[in-house]
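S.K.: Give me a model of this one.
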Amino acid sequence: MSQFKALIFDVDGTLAETEAEGHRVAFNLEFERTGLPWHWDDLTYACLLDTTGGKERIARWIRAMDWEPTCDVAALHAYKNQIYAELVRAGKIALRPGVADLITRARAAGVRLAIATTTTPANVSELIESTMGVAALGWFEVIGAGDVVQQKKPAPDIYEWVLERMGLSPPECLALEDSVAGVSAAMAAAIPTLVVRSHYTRAARMPKGVVADIDQLTHGVFEFAAGQAILHS
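M.R.: Numbers count the residues shown, from 1 in each chain. The predicted structure follows:
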């Protein structure tokens, strides 16, 4: 049993199955819209997820395809994010089971909440507002997202950025992550880490030393006391 003052959430794959149900769909719709002869099927996208960040993923694909670098990666990614936002607003992406309950119970107990993700701030806002309401963004004390740090996961930079702004030490926090890159980032920042496996990481070999490794956030995973999240590992 471990106790923590703060929960730091990854977004894509952890709060919701956004990669499978949102980002991959949006990428393919954008490729079709711009006339690019690309399509990322489920297996292809699973491989591409080894690269964190949407712009970085597109750039990797261009190199792999030996494609003439004539397309504007930043613009392509921006338009893709517009499509993603439309999917979220249309209710195509829901929170994963147990997530809303966990956040509600944590807030009621006075546990501090934060986000550490490689997705853009706009994508974070769209998901949280659409699934939990406009006021929900204010529930998270710090939102570390996108290009706020130079190196993305698996580098620890985003977690270190969040810790600094929260004024907490790593052992006082618990990171919730679904991917190898995310777990590696949190552990490199010395933060205890809970793996919540997602669609693309069900069979992934996670780094050793995580606090617990589960499939979903069922009600019995956490208890809460005044200002403390108690994890039953």
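S.K.: What's the local residue count around the residue nearest to K153 when sequence neighbours are not counted?
M.R.: With CB to CB, 6 or more residues apart in numbering as the criterion, K153 has its nearest non-adjacent residue at 3.8 Å, and that residue is A185. (C-beta placed from N, C-alpha, C; glycine too.) As a burial measure, A185 scores 28 neighbours (other CB atoms under 10 Å).
S.K.: Helix, strand or coil: sort out A185 for me.
M.R.: Recorded secondary structure, A185: helix (DSSP: H, G, I helix; E, B strand; the rest coil).
S.K.: pLDDT score assigned to G220?
M.R.: With respect to pLDDT, G220 has a value of 85.
S.K.: Looking at this protein, which helix is longest?
M.R.: helix 73-89 (DSSP state H).
S.K.: Can you list the helices and strands that the helix or strand that it is followed by packs against?
M.R.: With elements assigned by DSSP states H and E, the helix or strand that comes after helix 73-89 is helix 99-108. Packed against helix 99-108 by the contact rule (3 or more CB pairs under 8 Å, 6 or more residues apart in numbering; DSSP states H and E) you find strand 112-116, helix 121-132, strand 222-225.
S.K.: can we see that at 7 Å?
M.R.: strand 112-116, strand 222-225 (3 or more CB pairs under 7 Å, 6 or more residues apart in numbering; DSSP states H and E).
S.K.: Please identify the deepest-packed of these.
M.R.: Mean neighbours per residue, mean count of other CB atoms under 10 Å, is largest over the helices and strands packed on helix 99-108 for strand 112-116, with a mean of 24.
S.K.: Using the three-state scheme, assign L176.
M.R.: strand.
S.K.: ok, it touching R197?
M.R.: No: contact criterion CB atoms under 7 Å: L176 and R197 do not qualify, at 11.4 Å.
S.K.: who touches A145 in this structure?
M.R.: For A145, the contacting residues are 115, 117, 119-121, 124, by CB atoms under 7 Å, 6 or more residues apart in numbering.
S.K.: Output those as CSV; include the columns pLDDT.
M.R.: As requested, the contacts of A145 are exported to CSV (pLDDT from 0 to 100):
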residue, pLDDT
I115, 98
T117, 97
T119, 92
T120, 92
P121, 95
V124, 96
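S.K.: Could you identify the most distant pair in these?
M.R.: I115 and T120 (12.0 Å; CB to CB).
S.K.: And E30, how close does it get to L36?
M.R.: 8 Å (CB to CB, to the nearest Å).
S.K.: Can you pick out the residue with more neighbours from those two?
M.R.: Here E30 and L36 are compared on neighbour count by other CB under 10 Å; more neighbours surround E30, at 21 against 15.
S.K.: nearest spatial neighbour of that one, skipping sequence neighbours?
M.R.: K80 (4.1 Å).
S.K.: these two touch, right, that neighbour and N28?
M.R.: No: counting by CB under 7 Å, K80 stays clear of N28, with 9.3 Å between them.
S.K.: Who has more neighbours out of the two?
M.R.: More neighbours surround K80 than the other of K80 and N28, with 23 against 18 (other CB under 10 Å).
S.K.: Run through the protein and note the low-pLDDT ranges.
M.R.: For the chain, applying pLDDT under 70 flags the ranges 68-69, 233.
S.K.: repeat that for 90
M.R.: 1-2, 63-72, 146, 218-220, 232-233 (pLDDT under 90).
S.K.: quick one, domains of it?
M.R.: When the chain is parsed with automatic domain parsing, its domains come out as 2-17+94-231, 19-89.
S.K.: Could you list every helix and strand that whichever helix or strand L163 is part of packs against?
M.R.: Element membership of L163 [criterion: DSSP H and E] is helix 157-166. Judged by 3+ CB pairs under 7 Å, 6+ apart, the packing partners of helix 157-166 are strand 6-9, strand 112-116, strand 142-144, helix 180-188.
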